[in-house]
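K.L.:
turn this into a structure:
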Amino acid sequence: MVTINARNEIIRGHHPLSGSGNGRRVRAQEEGCDVADENRTKVAVVKPGEGDTVRLPGFGAVFKLRSRDNGGEVAILEHPFAVGTITAAHRHTREDEHSLVLEGEIGFRSDDSEVVLGPGGYITKPRGEMHAMWNAGDRPGRIVEVITPGGFESYFRELGELLTAHSGVTTDGGGGLLHDLPEFGELAVKYGLTYGNPDWMDDIVRRYGLKPPTH
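P.N.:
I've put the predicted structure just below:
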């Protein structure tokens with residue numbers, strides 16, 4: 001440690017708290033600062049059109065801001081929706097999702113709440129509620145998905161790998177049922193996700209002329 005006395009003379013010596021007990025506290029504080037530095041939010045820039053992409057049937061995930069860059073607080077992705085696409089109904093147990101529609105008309109159902117939003121529309125889908133999203137229009141759609149806390153974004157990458165490994169397996173009976181695979185169940189458990197088939201799902205598919213979900 002360096003200190004300066006009343007005569008502006010530099011004095012080199014021990015930290016005033018560097019005794020046996022105090023020294024341990026100082027080291028702990030310094031180590032704590034190191035951990036904080038590792039977890040602090042970092043500057044992250046993704047230019048328009050950039051971001052790693054996972055392609056899923058009729059759907060996809062474009063990674064914009066990853067939770068690893070902000071201490072796990074939030075992840076932001078974009079989801080494109082092909083015409084006729086609906087996601088499988090599912091429930092999150094660890095995170096809330098906040099959606100902003102960028103293009104097209106996107107339908108959202110979360111438990112008993114249902115709405116169709118155009119560009120500029122927002123919705124929060126709380127954890128614990130069974131929900132699904134679909135393209136409610138006649139042209140491709142796109143949304144921003146904000147996930148809080150972050151971490152779930154990695155699910156899409158692992159799901160893409162699973163779909164690639166079992167490309168002949170679907171959810172509509174053609175080539176087998178994806179949701180029946182042990183690997184699919186293990187992936188859902190890993191991310192605190194449960195899938196279901198609520199009464200309203202078939203009605204939405206019928207009303208909007210959608211294809212059955214494939215994932």
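K.L.:
now the residue nearest to the spatial centre of the chain: closest residue in space that isn't a chain neighbour?
P.N.:
The centroid of the chain falls nearest to Glu153 when counting by C-alpha atoms, centre = their mean (3.3 Å). Spatial nearest neighbour of Glu153, chain neighbours left out: Ala75 (4.0 Å); criterion: C-beta to C-beta, 6 or more residues apart in numbering. All C-beta atoms are positioned from the backbone trio N, CA, C, and that covers glycine.
K.L.:
what's the local residue count around the one you found?
P.N.:
Neighbourhood size, Ala75 [other C-beta atoms under 10 Å]: 25.
K.L.:
quick revisit: what pLDDT does the residue nearest to the centre of the chain get?
P.N.:
As predicted, Glu153 sits at a pLDDT of 97.
K.L.:
got a list of what it touches?
P.N.:
By C-beta atoms under 8 Å, 6 or more residues apart in numbering, the contact set of Glu153 is 61, 63, 66-67, 75, 77, 147.
K.L.:
closest one to Gly49 out of those residues, please.
P.N.:
Phe63 (12.9 Å; C-beta to C-beta).
K.L.:
spit out the contact partners of that closest one.
P.N.:
51-54, 75, 77, 153.
K.L.:
farthest pair within the residues you listed?
P.N.:
Thr53 and Ala75 (14.9 Å).
K.L.:
CA atoms only: put stretch 104-121 into CSV for me.
P.N.:
Listed next in CSV are the C-alpha coordinates belonging to stretch 104-121 (Å, rounded to 0.1, in the frame of the first residue of the first chain):
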residue,chain,number,x,y,z
GLY,A,104,-47.2,-9.3,-39.7
GLU,A,105,-50.0,-10.3,-37.3
ILE,A,106,-49.1,-12.6,-34.5
GLY,A,107,-51.6,-14.3,-32.2
PHE,A,108,-50.9,-15.0,-28.5
ARG,A,109,-52.8,-17.2,-26.1
SER,A,110,-51.7,-17.3,-22.4
ASP,A,111,-54.2,-19.4,-20.3
ASP,A,112,-57.5,-17.6,-20.8
SER,A,113,-56.1,-14.5,-22.5
GLU,A,114,-56.1,-14.3,-26.3
VAL,A,115,-55.1,-11.4,-28.6
VAL,A,116,-53.8,-10.8,-32.1
LEU,A,117,-51.2,-8.0,-32.4
GLY,A,118,-49.8,-6.1,-35.3
PRO,A,119,-46.5,-4.2,-35.5
GLY,A,120,-45.8,-2.2,-32.4
GLY,A,121,-48.0,-4.4,-30.1
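K.L.:
this completes my enquiry, with thanks.
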